[in-house]
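Q: missing the sequence, but the structure's below:
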């Protein structure tokens, strides 16, 4: 950020952002997203219903998605694929993540002192393999923190014998079964549903987070780290319900490996957000160019794009509606927070 004189100005601190947002009374009842590492790792803080306040007075239910604190991530073998973040994560340890949660709670009016028996993080969500399920990062968390993970990752995490509770997330397709059946059960609270969406397109995995803490409106955050195809059946199923898509968390870029498109970018995302009436498009996964090694890494080719490029591309697609009112584009800084109003 630069001032009028050309002098570089530090971006506002997390506490300044939160205090500024909380000047609006309804902000306390809104979800907060915090960028852990500038790649695909997020802290999502959901406001708790009045009837679900914790013993330590927590105002939010804090979940961390795919924690990765910066050590290299290896898929199968370094010769196959090794990934490193292009820059250091702003929150590079559990202790720094806990400190961010303490700041969020303090800004909301609660003084929180986390311990191993009563940790700051209420749950961990894992939606994939490799950098999405980073062992060295996960082992920093308290054994009492419940983990909800997709099948392959759940098996790996269970084999470490570290966490007391590991719950396997079964895929859910709301075009075939009610989305409520995607709730993985205890210890996740009844007012928060998460599931791994059943997908037909290659590499389009993700995570659906639905909160009914607000009795007046059920809202969803869809996390799609490799983008999402607008024709996925599960999306059509969700659009047929009363669930409002508050935010899509997805990249702007397209990406290819061995000539195969592995990341669907902004044009597909905009078709989806328009159909769903999505309020926010949260940029994810293409701020820090990952550094790749190995056979797969050698083949990766990224195509960076921006929102206007996506709008233009959608306008060229046969039968696609032109994007008249795009969603609010949100770019959260590495380590920063944003209140989804």
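A: Perfect, I can see it now. Quantities reported herein were computed from a predicted structural model and do not represent experimental measurements.
Q: What helices and strands are in contact with the longest helix seen in the chain?
A: Assignment by DSSP state H gives helix 94-107 as the longest helix of the chain. In this structure, helix 94-107 packs against helix 14-21, strand 32-35, strand 42-47, strand 60-65, with contacts taken as 3 or more CB pairs under 8 Å, 6 or more residues apart in numbering; DSSP states H and E. To be clear about C-beta, it is placed using only N, CA and C from the backbone, and glycine gets the same treatment.
Q: With mean pLDDT and mean neighbour count as new columns, can these be given to me in a markdown table?
A: Output for those, formatted as a markdown table (pLDDT from 0 to 100; neighbours: other CB atoms under 10 Å):
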| stretch | mean pLDDT | mean neighbour count |
| --- | --- | --- |
| helix 14-21 | 84 | 17 |
| strand 32-35 | 97 | 25 |
| strand 42-47 | 97 | 23 |
| strand 60-65 | 98 | 24 |
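Q: mind giving me a markdown table with those and columns for distance to residue 265?
A: Compiled in a markdown table, the helices and strands packed on helix 94-107 are given as follows (distance: least, CB to CB, whole Å):
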| stretch | distance to residue 265 |
| --- | --- |
| helix 14-21 | 27 |
| strand 32-35 | 19 |
| strand 42-47 | 19 |
| strand 60-65 | 20 |
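Q: Looking at the ones you listed, spot the one closest to residue 168.
A: Judged by CB to CB, the one of the helices and strands packed on helix 94-107 that comes nearest to residue 168 is strand 60-65, at 16.4 Å.
Q: returning to that earlier point: the helices and strands packed on helix 94-107: which one's closest to residue 167?
A: Ranked by CB to CB, the member of those that lies closest to residue 167 is strand 60-65, at 12.7 Å.
Q: Point out the other helices and strands that the closest one packs with.
A: Helices and strands touching strand 60-65, by 3+ CB pairs under 8 Å, 6+ apart, are strand 42-47, helix 94-107, strand 123-126.
Q: Averaged pLDDT, the second one. What do you get?
A: This predicted structure assigns helix 94-107 an average pLDDT of 96.
Q: in it, what's buried?
A: Using 16 or more other CB atoms under 10 Å as the burial criterion, the residues of helix 94-107 that qualify are 94, 97-98, 100-105, 107.
Q: Over to the shortest one?
A: For strand 123-126, burial by neighbour count (16+ other CB under 10 Å) applies to 123-126.
Q: my guess is residue 207 contacts residue 193, does it?
A: No: Residue 207 sits out of contact with residue 193 when judged by CB atoms under 8 Å, with a separation of 11.0 Å.
Q: which one of the two has more residues nearby?
A: residue 207 (26 against 22; other CB atoms under 10 Å).
Q: For residue 130, list the residues it contacts.
A: Counting by CB atoms under 8 Å, 6 or more residues apart in numbering, residue 130 touches 73-75, 81, 83.
Q: same thing but at 10 Å, please
A: Residue 130 makes contact with 66, 68, 73-76, 80-83, 153, 296, according to CB atoms under 10 Å, 6 or more residues apart in numbering.
Q: Where neighbours are concerned, which of those has the most?
A: Neighbour counts for these (other CB under 10 Å) peak at residue 66, which has 27 neighbours.
Q: for the stretch 201-341 of the chain, what are the low-confidence residue spans?
A: 287-288 (pLDDT under 70).
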